[in-house]
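> Quick one: sequence plus predicted model below, questions after.
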Amino acid sequence: MRTTAKTSKIKRYMTVVNDTRTADKSTDLLETLLASKSKADKHAKEVVALAEKYNFTGVEIDYEQIRDNLSLWKKFLVFEKALYARTKKAGLDLRIVLEPPTPVSKINFPKGPEYVVMCYNLYGYGTNPGPKADYKFLKKTVKDFSSLGKISYALSNGGFDFNGDEVTSVTGSEALKIKKKYKAKAVRDKKSGALYLKYGSHTVWYADQTTLQLWAKTLDKASGKKVGISIWRME
């Protein structure tokens, strides 16, 4: 990645995910990469080397679907500590992305890295129709993760088109196109700030700019301070 005078002040994170060619969010991949302390350190070394090679200013680890696998979390912590030591030495920032079901009370996460908590997909694939987040969910998330210290939150725009057992992801702009095409009326839900509309047998729930602002204010109020926000994803 080429760095210019204009971009040198912008933080650029290299995101590492546990996806493979055949499976997304593979915990089998993590079991292999983090099988021992030496392997975890080797993985950390390779991540930092790659970030330095392409002139990133930080590393973001987004390993998902670990859920309540405490054995794997134990291996992850060994990796995280090794990675933090190496990123700190290299002058790189470190962010760790965590899913809402992460059993934080059972895991002793180290201080130092920034923790980014995903505040979305409350409803989606395999659920009844509903918003990606609501106020109750956001407040609970803040409470559950408050012990981490250096923490920020990730919100998601867009939403899902629900039609029986079929669920399709939609962006905010796609939701607006559906609204226009079917002349549907969008209603703002009082419990979430999200919008929903109906056409035929479909129900579409989605977040717009106002929704994101309402969610951010809810997180600020629940945290007792202004918190950092990441948006997934920009259109």
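On my side now, so go ahead. Numbers count the residues shown, from 1 in each chain.

> from here on, contacts and neighbour counts on C-alpha atoms
Fine.

> what's next to the host helix or strand of Lys74, contact-wise?
For Lys74, the host element (DSSP states H and E) is helix 70-90. Applying Cα atoms under 8 Å, 6 or more residues apart in numbering, the contact partners of helix 70-90 are 30-31, 34-37, 40-41, 43-45, 48, 58-59, 66, 93-94, 107, 109-110, 112-113.

> what about dumping the CA coordinates of that helix to CSV?
This file holds the C-alpha atoms of helix 70-90, laid out as CSV (Å, rounded to 0.1, in the frame of the first residue of the first chain):
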residue,chain,number,x,y,z
LEU,A,70,-13.6,-21.7,26.2
SER,A,71,-10.8,-24.1,25.2
LEU,A,72,-10.4,-22.2,22.0
TRP,A,73,-10.7,-18.8,23.8
LYS,A,74,-7.8,-19.9,26.0
LYS,A,75,-5.6,-20.5,22.9
PHE,A,76,-6.8,-17.2,21.4
LEU,A,77,-5.7,-15.3,24.5
VAL,A,78,-2.2,-16.8,24.1
PHE,A,79,-2.2,-15.5,20.5
GLU,A,80,-3.6,-12.1,21.5
LYS,A,81,-0.9,-11.5,24.1
ALA,A,82,1.8,-12.5,21.7
LEU,A,83,0.3,-10.3,19.0
TYR,A,84,-0.1,-7.3,21.3
ALA,A,85,3.5,-7.5,22.3
ARG,A,86,4.6,-7.6,18.7
THR,A,87,2.3,-4.9,17.4
LYS,A,88,3.4,-2.6,20.3
LYS,A,89,7.0,-3.2,19.5
ALA,A,90,6.3,-2.4,15.8
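
> For the following helix or strand past it, name the packing helices and strands.
As assigned by DSSP H and E, the chain's next helix or strand after helix 70-90 is strand 93-98. Contacts defined by 3 or more Cα pairs under 8 Å, 6 or more residues apart in numbering; DSSP states H and E place strand 93-98 against strand 58-62, helix 70-90, strand 114-118.

> Now do the closest residue to Ser36 other than its chain neighbours, the pLDDT please.
Excluding its sequence neighbours, the residue lying closest to Ser36 (Cα to Cα, 6 or more residues apart in numbering) is Lys75, at 7.5 Å. Listed pLDDT for Lys75 reads 99.
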